[in-house]
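**Q** quick one, what's the 3D model for this:
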Amino acid sequence: MNNRPAPKRLPFTLPRLGLGTAPLGGLFEDVSDEDAAATLEAAGAAGMTYFDTAPRYGHGLAEQRLGRLLGPCGVTAPVISTKTGWLLRPRPDGSPGEVITDWTERGIRESLESSLTRLGRSSVDILYLHDPDDYPDEIRRTAYPAVRRLRDEGLIKAIGFGMNHSGPLASYVAEFEVDVVLIAGRLTLLDHEALTALLPVCARTGTSVVVGGVFNTGLLADPSPDAMFNYRPAPAQMVERARQCRALCDAYEVPIHAAAIQFPLLHPAVDSVVLGCRSAAEVTTNAAAARFPVPEELWQRLAGAGFVPGQLLEERVGR
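**A** As a prediction, this is how the structure comes out:
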């Protein structure tokens, strides 16, 4: 039986490591312009050329900073993805106001045009429909046809969906012609949901997969009692699981965040991991962790403890 993935739909190669810009939009805490510039400069120095952003990240701030600061950092040919489906509505004084959903063709186009203005670009590489979990009818009727037309017009090179839940995302991949998907927090050492719900259909259709949230909002970077897990304070049992994972990694002198970053890339359908960083130090640390040697014996130990699905290692050996 031939289990090889289908040829990729994506018309370009995604870098294996990308920078997620939600922190540059002020996720959880403010980031100064100076720190944002230093973060992007460090990303360029580390060879990171894929940058993922969205209008909702800081009410346009992440896109603005990416557009204004990326060029001076020396990144000459970046791969940039942004998202659509939500419109920013500023207050009369120009300050950030509400964010509203709009899945109509007019709304999709307005969102992209606003993003291109903030980014200072005439096109982007990838446009994701952002968190459309509760809007399947709108996606079928207007939103997906709209992004296909934008791709046909050359304003974007690839289209996809960016979501936090594997089941609905898998349904969209099965139904539509999708170049790439971004799944956050569902393919980690603590959460394997995407492995069974999403990745098989992506492998079958040739849909590229980008994985975000590999630290589950911080717990797998620093398993401490005050850590966050999936955007909320981590439950005590999850902190204990993360500590068990760290203990196994420590036994092989491998940083836990190195295993967390490299784990999704064990699967052949995964092309890239995006890491949200808010400082140059985080970029440097994570880029080094992505290259840190992880011995096969550690992957086997992690599998034995339930942190890595055994079938993933078996399939990797068989390829």
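**Q** for E113, see how far away the residue nearest the centre of the chain is.
**A** The chain has G212 as the residue nearest its centroid, 3.2 Å off, counting by C-alpha atoms, centre = their mean. As for G212, its distance to E113 is 25 Å (criterion: C-beta to C-beta, to the nearest Å). In this view, the C-beta of every residue, glycine as well, is placed from N, C-alpha and C.
**Q** what does G185 give?
**A** 30 Å.
**Q** who has more neighbours out of those two?
**A** A count of neighbours by other C-beta atoms under 10 Å puts G185 above the other of G185 and E113, at 23 against 11.
**Q** find the nearest non-adjacent residue to the more buried one, please.
**A** Excluding the flanking residues, the one nearest G185 by C-beta to C-beta, 6 or more residues apart in numbering is G213, at 3.5 Å.
**Q** could you pull out the strands in the stretch 51-200 of the chain for me?
**A** Along the stretch 51-200 of the chain, the stretches classed as strands by DSSP state E, counting those that start in this stretch are 79-84, 86-89, 98-101, 124-130, 156-163, 180-184.
**Q** quick one: the first one to strand 156-163, angle?
**A** Following axes from the mean of the first three to the mean of the last three C-alpha atoms, to 10 degrees, one obtains 60 degrees for the angle between strand 79-84 and strand 156-163.
**Q** what pairs with strand 79-84, parallel or antiparallel?
**A** Sheet pairing of strand 79-84 (DSSP bridges) gives strand 50-52 (parallel), strand 124-130 (parallel).
**Q** quick one, that strand and strand 180-184 angle?
**A** Using the same axes, to 10 degrees: strand 79-84 against strand 180-184 is 70 degrees.
**Q** what do you get for the longest one?
**A** On the basis of the same axes, to 10 degrees, strand 156-163 is oriented at 30 degrees to strand 180-184.
**Q** roughly how far apart are D93 and E63?
**A** Going from D93 to E63 by C-beta to C-beta gives 21 Å.
**Q** neighbour count: those two, which is higher?
**A** More crowded of D93 and E63, by other C-beta under 10 Å: E63, with 30 against 6.
**Q** need the contact list for the nearest residue in space to that one that is not next to it in sequence.
**A** Nearest residue to E63 in three dimensions, chain neighbours excluded: R118, at 3.9 Å (C-beta to C-beta, 6+ apart). Taking C-beta atoms under 8 Å, 6 or more residues apart in numbering, we find R118 in contact with P55, G60, E63, Q64, G67.
**Q** by neighbours, which of the residues you listed wins?
**A** E63 (30 neighbours).
**Q** that one and G276: what is the separation?
**A** Counting by C-beta to C-beta, the gap from E63 to G276 is 15 Å.
**Q** about what we covered before: per-residue confidence at the residue nearest to G185?
**A** We note a pLDDT of 96 for G213 in this prediction.
**Q** Throw the strands paired with strand 79-84 into JSON lines and include distance to E177, mean neighbour count and mean pLDDT, thanks.
**A** Shown next, in JSON lines, are the strands paired with strand 79-84 (distance: least, C-beta to C-beta, whole Å; neighbours: other C-beta atoms under 10 Å; pLDDT from 0 to 100):
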{"stretch": "strand 50-52", "distance to E177": "21", "mean neighbour count": "26", "mean pLDDT": "98"}
{"stretch": "strand 124-130", "distance to E177": "13", "mean neighbour count": "24", "mean pLDDT": "98"}
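**Q** just put those strands in TSV and tack on distance to Q237.
**A** Listed next are the strands paired with strand 79-84 as TSV, based on distance: least, C-beta to C-beta, whole Å:
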stretch	distance to Q237
strand 50-52	31
strand 124-130	31
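**Q** which among those strands is found nearest to E98?
**A** When the strands paired with strand 79-84 are compared by C-beta to C-beta, strand 124-130 sits nearest E98, at 15.7 Å.
**Q** what's the neighbour count on P90?
**A** As a burial measure, P90 scores 12 neighbours (other C-beta under 10 Å).
**Q** okay, it: pLDDT?
**A** P90 is given a pLDDT of 82.
**Q** what sits against it?
**A** Per C-beta under 8 Å, 6+ apart, neighbours of P90: H59, P96, G97.
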